[in-house]
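Student: sequence? don't have it. structure:
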């Protein structure tokens with residue numbers, strides 16, 4: 001993993017250990033989301049932390065009992081230093097039965113956008129698509145052609161932002177390249193229509209070298225410590 005001072009994106013998806021999402025919220029807020037926990041993360045460059053719960057729908061592989069954390073970090077070194085801390089590792093064992101924590105870098109040259117939400121469109125949903133790729137250039141070109149064509153329709157259905165990332169492997173990890181697409185929506189119905197539209201999804205054929213996984217998430221209910 002490079003230690004260049006450039007922002008990176010962290011996704012942590014896992015099965016939580018408490019019996020309910022509310023139980024996880026309380027534990028999260030008492031540990032990672034406590035004032036001391038937030039200060040420790042921020043001191044090493046954690047710029048934002050968001051929590052999402054699964055949306056069960058035909059186009060989503062997200063399951064009940066899972067949770068998704070999405071963080072932006074100022075640079076990879078601060079992130080590695082934070083998660084190397086023994087107390088942070090112990091907190092993770094209290095929160096999760098199992099988890100997949102992956103670091104991503106913004107895909108250079110990708111077609112992305114971030115548009116403002118209209119008044120009173122306060123709901124937030126996240127659509128993820130993740131899979132192996134053979135060539136970043138080829139995959140980004142396929143996504144670009146599909147996303148430019150779909151942008152107006154997607155916006156009308158409630159899409160707020162679209163970003164692409166490439167997996168950032170740690171030193172010594174020779175895992176295959178992966179691409180992650182992240183969409184933020186303000187309309188659940190429109191999101192379902194878009195992801196269920198075969199014409200929209202067909203345009204992405206060839207972007208992945210293996211079968212991708214897709215999941216849909218909603219802002220987690222309750223008062224979570226976020227920043």
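Tutor: Structure's in. What do you need? All figures in this text were calculated on a predicted structure; none of them were measured in a lab.
Student: Could you use CA atoms for every contact and neighbour count after this?
Tutor: OK.
Student: So residue 201 sits against residue 195, correct?
Tutor: Yes. Residue 201 is within contact range of residue 195, at 6.9 Å (criterion: Cα atoms under 8 Å).
Student: so how many other residues sit close to residue 153?
Tutor: For residue 153, the neighbour count with other Cα atoms under 10 Å is 14.
Student: can you confirm it is in a helix?
Tutor: Yes. Counting by DSSP: H, G, I helix; E, B strand; the rest coil, residue 153 is part of a helix.
Student: that older thread, comparing residue 201 and residue 195, which residue is more hemmed in?
Tutor: Under the criterion of other Cα under 10 Å, the comparison of residue 201 against residue 195 puts residue 195 first, with 18 against 12.
Student: How much space separates the more buried one from residue 115?
Tutor: 19 Å (Cα to Cα, to the nearest Å).
Student: okay, and for this structure, where does confidence drop off?
Tutor: Within the chain, the ranges that satisfy pLDDT under 70 run 1-5.
Student: Just the strands from it, written as ranges.
Tutor: For the chain, the strands defined by DSSP state E cover 8-16, 46-54, 66-73, 96-106, 113-114, 125-132, 159-167, 178-185, 213-219.
Student: Just want the angle from the fourth one to strand 159-167.
Tutor: Here strand 96-106 points in a direction 90 degrees away from that of strand 159-167 (axes from the mean of the first three to the mean of the last three Cα atoms, to 10 degrees).
Student: do the same with the last one
Tutor: Following the same axes, to 10 degrees, one obtains 130 degrees for the angle between strand 213-219 and strand 159-167.
Student: Tell me the gap between strand 213-219 and the middle of its chain.
Tutor: Using Cα atoms, centre = their mean, to the nearest Å, the mean C-alpha position of strand 213-219 is found 9 Å from that of the whole chain.
Student: any idea how far residue 23 lies from residue 116?
Tutor: 33 Å.
Student: Those two: who's more crowded?
Tutor: More crowded of residue 23 and residue 116, by other Cα under 10 Å: residue 23, with 13 against 9.
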